[in-house]
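Trainee: no sequence on hand, only this structure:
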Ligand SMILES: NC(=O)c1ccc[n+]([C@@H]2O[C@H](COP(=O)([O-])OP(=O)(O)OC[C@H]3O[C@@H](n4cnc5c(N)ncnc54)[C@H](OP(=O)(O)O)[C@@H]3O)[C@@H](O)[C@H]2O)c1
């Protein structure tokens, strides 16, 4: 993080009685406070419809901080000082609710800078933005006026039309430079490190193209199921929940062209260009490029778990995918002909987010002339989580008189290299929003370009809504059909060995 401290501001969290506030937002704000990265004039208002007294609210937050904050940051005295800046206010999202909120903000904090965080379900995003605007809580954008900014949580839209509609509402109420659409993956150190790896080193960029790269694999696997939110997930599915956002951003940072500067415009311009270069997958090509599946009962971490259709809130005949794998191409000069394989799913064997660059094989004339045992091509693995780091696999000679060649994996690990775990993504993102830096947030055209790629996939799913999906056992690495997607191209899904910490 930059170490810069923002101007005094008040953070207003809507939906403050919820899970995101307790588990992620407050621990992150507390972490910033403990590190001295918040200004003296910082205040926090938790706003929600539930009636709750101040002490009960603070107690909930304290438990959340103790459970989630970085191990090195918990300190009762720091908490006490932090808690003094927090106030809970209950109210609705009608004109009266906003008027009372505006009045109390004016009385307690004066006409200062305001950062609003929409930690509510998405149905409330547009009404809250409009309510804030109509009540005069969006300050005019003049040089001497205090600022008002809005953070919008994921999911941003349910499809292209709803994302466009939400963008229109936001444009009417907050300008683009004041709108901070969060994808918390972009706040992860390892995701930002993709830019450093590619553009701060001379050795990777020259081989980062179709001449040397055979294919790219991106895996986002979860061990959790629907966690009591079956009703919500059944309307969402893996395509919307993970692929449209987290995976599209990873793909952009892996494959985009070098930006002309490290600023919000230049980086996001390149991301949008990349999204627009993705080859669409029309309905007639869906079956050969996309695999969707649902988890069946199985065992995860030694515990028996039910199948997706037996989860509470899931329709018995549901065809919502909990797993998706797809093959896509980036139609530009750098990547012509290089397949990008993406897979994500719930209830898989391990919780992993990895990018693997598989390089082309060397001519098999010198060391690996045996066609049955070809030399393993080089592989660069980027571990986004957990055990964050980078691994490079290359060939080495086994000591001895024979010319025996064997692959070896060289590892870099964040924790061992820097002596600490990378900070939580929300710390970085909340601080950046308070500083007005939108580099790590999603721009309106970016979110729409990602939906434009996903929209035909959703239409194809809709077309197939009467067909049962393949299944995979909970605790496995996904359906056989996803393996066949790779095998048809003579490849297989591969994860590099994770070094022991
Ligand atoms: N939880 C996570 O880890 C996570 C991760 C990434 C993104 N998100 C996103 O962050 C947002 C909040 O997540 P969450 O898990 O905290 O959600 P949540 O617990 O379901 O909801 C948060 C709060 O919103 C209020 N709320 C519920 N329905 C509402 C409605 N129709 N209108 C206005 N307020 C309503 C409720 O408070 P009151 O009834 O007291 O008003 C609730 O406590 C969601 O958009 C979610 O998709 C969450």
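Mentor: Received it, and whenever you're ready, just let me know what you need. Bear in mind the structure is a predicted one, so any value in this text is a computation, not a measurement.

Trainee: how about this structure: which residue is closest to the ligand?
Mentor: Residue of the chain nearest the ligand, by CB to the nearest ligand atom: residue 18 (2.3 Å). C-beta coordinates here come from the backbone N, C-alpha and C atoms, glycine included.

Trainee: what residues are up against residue 252?
Mentor: By CB atoms under 8 Å, 6 or more residues apart in numbering, the contact list for residue 252 reads 270-271, 274-275.

Trainee: spell out the secondary structure type for it.
Mentor: Applying DSSP: H, G, I helix; E, B strand; the rest coil to residue 252 yields a three-state assignment of helix.

Trainee: distance of residue 273 from residue 449?
Mentor: Residue 273 sits 9 Å away from residue 449 when distances are taken as CB to CB, to the nearest Å.

Trainee: which of these two has more neighbours?
Mentor: Comparing residue 273 with residue 449 by neighbour count (other CB atoms under 10 Å), the higher total belongs to residue 449, at 21 against 14.

Trainee: the more buried one in helix, strand or coil?
Mentor: When the structure is split into helix, strand and coil by three-state DSSP, residue 449 lands in helix.

Trainee: check contacts around the closest residue to it other than its chain neighbours.
Mentor: The spatial neighbour of residue 449 that comes closest, neighbours along the chain excluded (CB to CB, 6 or more residues apart in numbering), is residue 275 at 3.8 Å. Each residue near residue 275 by CB under 8 Å, 6+ apart is listed here: 248, 252, 446, 449-450, 452-453.

Trainee: which of those sit farthest apart?
Mentor: In the contacts of residue 275, the most distant members under the criterion CB to CB are 252 and 452, with 13.6 Å between them.

Trainee: so which residues of the stretch 201-350 of the chain form strands?
Mentor: For the stretch 201-350 of the chain, the strands defined by DSSP state E, counting those that start in this stretch cover 213-221, 290-296, 298-300, 303-305, 323-329, 339-345.

Trainee: scratch that, the stretch 401-501 of the chain
Mentor: 405-413, 471-473.

Trainee: among those strands, which is nearest residue 102?
Mentor: Residue 102 lies closest, by CB to CB, to one member of the strands of the stretch 401-501 of the chain: strand 405-413, at 48.9 Å.

Trainee: show me which positions of that closest one end up buried.
Mentor: 405, 411, 413 (16 or more other CB atoms under 10 Å).

Trainee: give me the mean pLDDT for that strand.
Mentor: The predicted model gives strand 405-413 an average pLDDT of 93.

Trainee: ok, residues contacting it?
Mentor: Taking CB under 8 Å, 6+ apart as the rule, strand 405-413 contacts 367-368, 375-376, 387-398, 496-497, 499, 501.

Trainee: partner strands of that strand, with direction?
Mentor: Partners of strand 405-413 in the sheet, by DSSP bridges, are strand 389-397 (antiparallel).

Trainee: so how do I select the buried members of the contacts of strand 405-413 in PyMOL?
Mentor: The following PyMOL line selects those of the contacts of strand 405-413 that are buried, judged by 16+ other CB under 10 Å:
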select buried, resi 368+375+376+388+389+390+391+392+393+496
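
Trainee: where does the stretch 401-501 of the chain have low pLDDT?
Mentor: Flagging of the stretch 401-501 of the chain using pLDDT under 70 yields the residue ranges 501.

Trainee: can we see that at 90?
Mentor: Along the stretch 401-501 of the chain, the parts satisfying pLDDT under 90 run over 402-405, 414-416, 418-424, 496-501.

Trainee: so which residues of it form helices?
Mentor: Per DSSP state H, counting those that start in this stretch, the stretch 401-501 of the chain has helices spanning 414-418, 425-435, 444-463, 480-487. These are given in chain order.

Trainee: helices and strands around the last one, which ones?
Mentor: Counting contacts by 3 or more CB pairs under 8 Å, 6 or more residues apart in numbering; DSSP states H and E, helix 480-487 packs against strand 290-296, strand 323-329, strand 339-345.

Trainee: A strand includes residue 354, no?
Mentor: Yes. When classified by three-state DSSP, residue 354 is found to be part of a strand.

Trainee: dump the residue contacts of it.
Mentor: With contacts defined as CB under 8 Å, 6+ apart, the neighbours of residue 354 are 217-219, 381-384, 495-496.

Trainee: likewise for residue 208?
Mentor: When contacts are counted by CB under 8 Å, 6+ apart, residue 208 touches 198, 334, 357.
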